[in-house]
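Peer 1: heads up, no residue letters with this:
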């Protein structure tokens, strides 16, 4: 009897008496029924506990429905029955009771257990209809155990319940391995922080192999270490966020750069898409597949820049965040190759894998030519500055000094190296000859240079005299090159100074030889007449100029009597006396033999003519110590007598011969006959 009660089931016994059954009440917490086996299933005995539950004093009053239920339970091996408003767990066994075969039935009250079970089933039925995933998870000591999930999860993953073990839903079979490691760390951190609500996102692999995103919001359950999660498909949201990032990057590029074409490059599939082809559509238009190779095969990229083009796309395929390249691409309209500057910004997914590159293509022909010109200019200046005495570099846009190289480096104090303007004035005051200081400051003016640059002039030169550290004057050649720096977006001024003293003095000497008379140093005929003609062309009607033709009287006799050396001395002294009697702006020249011309410029009035010529006559008369030198003077005036040099000379020649014919050593003005 004890064994029957303790194990909660009916055990086989050979023979029982009714009193034996009654003793079961002392050991069993529930109740027993003893029923005769037969068609009627009459009750032989019921324990007192069961009678209390049934609320029947007479066992014969048990209704037929209850008896039918018990009979069916025994025949069908049912485990649970509902009788008398109570749930029972049923066990039964045939035994011999007082020589009769009876069915001993043991009923254990499981009312509380069934109420819990039924409540769970009701909740389960409710959760099955919710259009999202539900999880109940136990999290303890770093281990995660899935206790329950609804059918939505199986449907979402494409599995039947029997095809997938419950725990697999939160393991690597379904959840992306990297995401699984990450979210376990995130959840552990949230739990340690005692967060009452937290959210995680992860990828799952469906039965069909497709990868989808899930987002789960998790809250603690009422039971310790248990958590309830609501999960939903966030794939579309993730894609929308990804597309939004791409769109924002495209807009950013469009705002930063003008006149560009924006494209998308699918890194995985190597497909290039247009995104701003002028059509009102949110979907990019497929442009080319198998990029970059297909562009090479179709000869869209000029051969000499294919390396740069391939490198540009290789950077994307390698997942670099940014990159740029310049290459020649064939224009679809003109079929001509034009310079394109390409830039890209990479968009990554949550696994930091490159997915989409946002590319901008900009016509770079003009800018690239400027860059090439700038590089060529830099190379040329690098070569030329080796032979210079100084090389200056300035940011002319912001008036900032940047660099000084060369022999003059030590001569310019450190505190003077502030700006182009400051250095120009300092150099003019300390290094430039006063004779050229004015023209130096005119050229070395920041305002003047920037104004000329805007007008299209970029190169300036100036020959000027400078003063060295010993106070000696020498000729220098200053060269200013203005160039647009495409890298810094500013006008850069580079200044080279060359010592051209020997070269300049040689040129001056050669020019003087070509322009002057070798004996006297006065202008020769050609130079003199050219200068006079140039002056007349730039003179108005109210300006007074005078051409004086001078012929030495009896010079041939002196030359023959005293020799050619004496004659040369006479000519040299006559020239000196003429220069001393004239102003610096007047022209003096020897036009042949003993004939000289003086061109008096810009006289104030007619009354000023004769006194000046008389002073010249007296200077010539007394130019030799041992004798007087007499001469005849013919005078013609501008504008009264003529407007060109040839006529003035002819008129003065006529006047001079009239002077000689009359009495020599006379000043004769031209008169029209």
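Peer 2: Yes, it's here. Since this is a predicted model, take the numbers as computed values, not measurements. Residues are numbered from 1 along each chain as shown.

Peer 1: quick one: the helix or strand hosting residue 50 to chain centroid distance?
Peer 2: Using DSSP states H and E, residue 50 maps to helix 48-54. The chain centroid and the centroid of helix 48-54 are separated by 90 Å, computed with C-alpha atoms, centre = their mean, to the nearest Å.

Peer 1: Might you list the low-confidence residue ranges for the stretch 101-250 of the chain?
Peer 2: 114-130, 222-223, 244-250 (pLDDT under 70).

Peer 1: again, only using 50
Peer 2: 125 (pLDDT under 50).

Peer 1: Now do the strands in it.
Peer 2: 133-140, 143-149, 198-205, 211-220, 226-233 (DSSP state E, counting those that start in this stretch).

Peer 1: Now do the helix or strand following the helix holding residue 50: which elements does it pack against?
Peer 2: Toward the C-terminus, helix 48-54 is succeeded by helix 64-76 as the next helix or strand (DSSP H and E). If you count contacts as 3 or more C-beta pairs under 8 Å, 6 or more residues apart in numbering; DSSP states H and E, helix 64-76 packs onto strand 80-83, strand 86-97, strand 100-109. In short, each C-beta sits where N, CA and C put it, glycine included.

Peer 1: okay if I get those as a markdown table plus distance to residue 187 and mean neighbour count?
Peer 2: As requested, the helices and strands packed on helix 64-76 are exported to a markdown table (distance: least, C-beta to C-beta, whole Å; neighbours: other C-beta atoms under 10 Å):
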| stretch | distance to residue 187 | mean neighbour count |
| --- | --- | --- |
| strand 80-83 | 38 | 16 |
| strand 86-97 | 39 | 19 |
| strand 100-109 | 41 | 20 |
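
Peer 1: okay if I get those strands as CSV plus distance to residue 488?
Peer 2: Shown next, in CSV, are the helices and strands packed on helix 64-76 (distance: least, C-beta to C-beta, whole Å):
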stretch, distance to residue 488
strand 80-83, 88
strand 86-97, 89
strand 100-109, 92
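
Peer 1: what's the first-to-last distance across stretch 262-270?
Peer 2: 16 Å (C-alpha to C-alpha, to the nearest Å).

Peer 1: Any buried residues in that stretch, and which?
Peer 2: By neighbour count on 16 or more other C-beta atoms under 10 Å, the buried set for stretch 262-270 is 262-267, 270.

Peer 1: out of those, who's nearest residue 143?
Peer 2: Among the buried residues of stretch 262-270, residue 267 lies closest to residue 143 (C-beta to C-beta), at 38.3 Å.

Peer 1: circling back to that earlier point, and residue 495, which of the strands of the stretch 101-250 of the chain is closest to it?
Peer 2: Taking C-beta to C-beta, strand 198-205 is the member of the strands of the stretch 101-250 of the chain nearest to residue 495, at 62.3 Å.

Peer 1: check contacts around residue 667.
Peer 2: 610, 613-614, 617, 633, 635, 659 (C-beta atoms under 8 Å, 6 or more residues apart in numbering).

Peer 1: Next: residue 426.
Peer 2: 412, 416.

Peer 1: That one sits in which helix or strand?
Peer 2: helix 420-430.

Peer 1: picking up where we left off before, nearest to residue 294, out of the helices and strands packed on helix 64-76?
Peer 2: strand 80-83 (71.8 Å).

Peer 1: Check which strands are paired with that closest one and give the direction for each one.
Peer 2: Here strand 80-83 has these sheet partners by DSSP bridges: strand 86-97 (antiparallel).

Peer 1: Residue 623: what's it in contact with?
Peer 2: Applying C-beta under 8 Å, 6+ apart, the residues near residue 623 are 570, 573-574, 576-577, 629.

Peer 1: Out of the residues you listed, which is nearest to residue 319?
Peer 2: Among the contacts of residue 623, and counting by C-beta to C-beta, the member closest to residue 319 is residue 576, at 88.4 Å.
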